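Q: Predicted model, plus sequence, below.
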Amino acid sequence: MVQRMIKRSFAAGGRYVSVHLRFEKDMVAFSCCEYDGGEEEKWEMDAAREKGWRGKFRRKGRVIKPGANRMDGKCPLTPLEVGMMLSGMGFDNTTSVYVAAGKIYKAEKYMAPLKLMFPHLETKDTIATPEELAPFKGHSSRLAALDYTVCLHSEVFVTTQGGNFPHFLIGHRRYLYGGHAKTIKPDKRKMALLFDSPRIRWEHFKRQMKDMLRHSDGKGIELKRPSSYLYMFPVPDCMCKEEGRELEYSNTTTLV
């Protein structure tokens, strides 16, 4: 799959951008955010929350505030928002993009604008045949491993939500590329303000995205702090190197 992605990114010298898109139905439901805000969405989200977290969101005294969640940066980015962010950062319609995701909520509707902006967009379902994917179907961790592997070897990795997948991947890429992996971790609080501003001009939005990209580049090479998550900063904590000997690993966990 990696080799196929590189081959399909021939125009970009084999380089591609990978995006971990967390816009699955259960993720949208758990976030308690609103998107279309219509009755159909409300009914679907209420049903999904009841099915997945029986009674948790109906407890007495619990108040759901979608607007507050959005301004606090807790809402999953939509495919359109991801596309606008990448466009603002300078990625154009010749950029090869790999989307790592589960089953996207209302994919036909929400993925359309992202595909329009980035026509060279691939997923595991487009670079592997149904026969090849058959042994993985029904096993979410195996399917995630496929996405993980393709993201691992991308030129740029874009994470849109927290979780073990991006944390492990960021650390693994730091290790592979000597601490210089290119990762984009957007400031979703700032993005919510920009997206919700009715008078914002495209030039201003682009400047903000360029600043966010520079900040992400700087974070990509930062040193580990004592309180940092080990899997995101695997060097040099989990290994040592003695002259004339290979790397020795201590107390590490295989990620893939």
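A: Arrived safely, thanks for sending. Residues are numbered from 1 along each chain as shown.

Q: Phi and psi next, for V97.
A: Main-chain dihedrals, V97, degrees, to the nearest 10: phi -130, psi 130.

Q: Compute the number of surrounding residues for it.
A: 26 (other CB atoms under 10 Å). No exception for glycine: its C-beta is placed from N, CA and C like everyone else's.

Q: now swap in L143 and tell me
A: Residues lying near L143 (other CB under 10 Å) number 18.

Q: Over to R62?
A: R62, neighbours per other CB under 10 Å, totals 9.

Q: Look at it and report its pLDDT.
A: pLDDT, R62: 80.

Q: how close does it get to A68?
A: Between R62 and A68 the computed distance is 13 Å (CB to CB, to the nearest Å).

Q: Then W53?
A: Distance from W53 to A68, by CB to CB: 19 Å.

Q: try D147
A: 31 Å.

Q: Who has more neighbours out of these two?
A: Set D147 next to A68 and count neighbours by other CB under 10 Å: D147 wins out with 22 against 12.

Q: in a strand, that's where G14 is, yeah?
A: No. Under the criterion used here (DSSP: H, G, I helix; E, B strand; the rest coil), G14 is coil, not part of a strand.

Q: quick one, what contacts it?
A: I6, K7 (CB atoms under 8 Å, 6 or more residues apart in numbering).

Q: Recalculate using a threshold of 6 Å.
A: I6 (CB atoms under 6 Å, 6 or more residues apart in numbering).

Q: And M111, by the same measure?
A: P79, I104.

Q: Tell me which residues of the longest helix anywhere in the chain come out buried.
A: Of all the segments assigned as helix in the chain under DSSP state H, the longest by residue count is helix 202-219. Along helix 202-219, these residues count as buried under the neighbour rule (16 or more other CB atoms under 10 Å): F205, Q208, M209, M212, L213, S216.

Q: cool, stretch 127-144 as well?
A: For stretch 127-144, the neighbour count (16+ other CB under 10 Å) marks I127, A128, F136, L143, A144 as buried.

Q: which one of the residues you listed sits closest to A107?
A: When the buried residues of stretch 127-144 are compared for distance to A107 (CB to CB), L143 wins out at 15.2 Å.

Q: ok, the closest residue to K137 other than its chain neighbours to M111 distance?
A: Among residues not flanking K137 along the chain, L143 sits closest, at 7.6 Å (CB to CB, 6 or more residues apart in numbering). Using CB to CB, we find L143 at a distance of 17 Å from M111.

Q: Give the rounded mean pLDDT of the one helix or strand R142 maps to.
A: Per DSSP states H and E, R142 falls inside helix 140-152. Averaging pLDDT along helix 140-152 gives 96.

Q: That helix - contacts with which helices or strands?
A: strand 97-100 (3 or more CB pairs under 6 Å, 6 or more residues apart in numbering; DSSP states H and E).

Q: if we go to 8 Å?
A: helix 2-8, strand 17-20, strand 97-100, helix 124-127, helix 164-176 (3 or more CB pairs under 8 Å, 6 or more residues apart in numbering; DSSP states H and E).

Q: For the next helix or strand after it, the averaged confidence score.
A: Going down the chain from helix 140-152, the next helix or strand is strand 156-159, by DSSP H and E. For strand 156-159, the mean pLDDT works out to 95.
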